[in-house]
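Trainee: Sharing a sequence plus its predicted fold:
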Amino acid sequence: IQKFKNRVMEVAGLDANMISKCLVYGELMCNGFYDYHSRGIVGGWKVFGAILEAKNGSGETLDKLLNSGFAAAKKNNDQIKVFANERFVEVANYAELDASGSKVVSESIGNIIMKNKARMKRGDIEGLILTIHDEEFGYKVVKWKGAHELQPASDQNALRACKLIESSDVDENVKIAFRSIIEVITDIYRKHTCSKERQINTN
């Protein structure tokens with residue numbers, strides 16, 4: 001982690017006394033839903049973000065991170081979130097942290113969802129973590145979690161959101177993207193009809 005922190009400061013042109021703490025977080029590949037054993041990645045840890053604590057407030061530090069190509073956003077007055085993007089992966093690899101699986105794409109979220117729908121249905125991947133940029137709010141992360149793990153509350157929320165979007169005057173591509181999400185959820189639940197706890201009310 002120290003190597004990662006030092007490289008971030010070097011790339012962003014930060015003084016050594018500007019960052020007091022650095023936390024790197026990621027995904028531990030540990031469950032049995034996604035065939036991790038046969039793929040040889042069980043027990044692996046893949047990083048996709050970091051939190052930096054700035055000694056003298058986050059303002060100047062955030063500006064330097066953004067200007068040097070990091071996808072970063074203010075967490076609070078002293079902390080900055082750094083999300084996965086091309087610069088983050090470059091620094092993670094330099095620090096010998098596993099950020100494999102991260103890809104840089106310039107596509108809409110809708111296209112990404114539709115392109116990964118079949119993989120999500122099969123359970124080839126646990127989910128997608130998307131770093132996106134909003135003109136008003138800056139960088140943020142959106143997660144699309146696979147439906148192979150039981151999460152009835154989230155699935156019900158997705159179903160309600162889809163119904164709301166279908167009845168709203170929104171772009172057709174947005175509707176198609178949400179239909180794809182619902183298709184993944186309902187397809188997987190149909191495959192688990194023998195398990196009562198996997199049932200979901202789609203009415």
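Mentor: Everything's here; your move. Fair warning: this is a prediction, and the values are worked out from it, not measured in the lab.
Trainee: What is the helix ranked longest in the chain packed up against?
Mentor: In the chain, with assignment by DSSP state H, the single longest helix is helix 172-190. Using 3 or more C-beta pairs under 8 Å, 6 or more residues apart in numbering; DSSP states H and E, the elements in contact with helix 172-190 are helix 109-122, helix 152-166. Bear in mind the C-beta positions are built from the backbone N, C-alpha and C, glycine included.
Trainee: Just give me the residue closest to the centre of the protein.
Mentor: Centre of the chain computed as the mean C-alpha position; nearest residue by C-alpha atoms, centre = their mean is Ile129, 2.0 Å away.
Trainee: Who does it form a beta bridge with?
Mentor: Beta-bridge pairing of Ile129 under DSSP bridges involves Lys143.
Trainee: Run through the chain and note the low-pLDDT ranges.
Mentor: Counting by pLDDT under 70, the chain contains low-confidence ranges at 31-37, 39-41, 43, 57, 101-102, 104, 147-150, 188-203.
Trainee: all helices in it, in order from the N-terminus.
Mentor: 2-12, 36-39, 59-67, 86-94, 109-122, 152-166, 172-190.
Trainee: got a markdown table for the ones you listed, with distance to Cys30 too?
Mentor: Converted to a markdown table, the helices of the chain look like this (distance: least, C-beta to C-beta, whole Å):
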| stretch | distance to Cys30 |
| --- | --- |
| helix 2-12 | 22 |
| helix 36-39 | 8 |
| helix 59-67 | 31 |
| helix 86-94 | 20 |
| helix 109-122 | 19 |
| helix 152-166 | 20 |
| helix 172-190 | 20 |
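Trainee: Deepest in the core, which of those helices is it.
Mentor: With neighbours taken as mean count of other C-beta atoms under 10 Å, the helices of the chain reach their highest mean count in helix 86-94, at a mean of 19.
Trainee: Using PDB, write out every CA atom in stretch 5-20.
Mentor: Presented in PDB, the C-alpha positions along stretch 5-20 are these (Å, rounded to 0.1, in the frame of the first residue of the first chain):
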ATOM      1  CA  LYS A   5       0.500   5.800  -2.000                       C
ATOM      2  CA  ASN A   6       4.000   7.000  -3.000                       C
ATOM      3  CA  ARG A   7       3.200   6.500  -6.700                       C
ATOM      4  CA  VAL A   8      -0.100   8.400  -6.500                       C
ATOM      5  CA  MET A   9       1.700  11.300  -4.900                       C
ATOM      6  CA  GLU A  10       4.400  11.200  -7.500                       C
ATOM      7  CA  VAL A  11       2.000  11.000 -10.400                       C
ATOM      8  CA  ALA A  12      -0.200  13.700  -9.000                       C
ATOM      9  CA  GLY A  13       2.600  16.000  -7.900                       C
ATOM     10  CA  LEU A  14       1.600  15.900  -4.300                       C
ATOM     11  CA  ASP A  15       4.000  16.900  -1.500                       C
ATOM     12  CA  ALA A  16       4.800  14.100   0.900                       C
ATOM     13  CA  ASN A  17       3.000  15.800   3.800                       C
ATOM     14  CA  MET A  18      -0.300  16.200   1.900                       C
ATOM     15  CA  ILE A  19      -1.500  12.600   2.400                       C
ATOM     16  CA  SER A  20      -1.600  11.300   5.900                       C
END
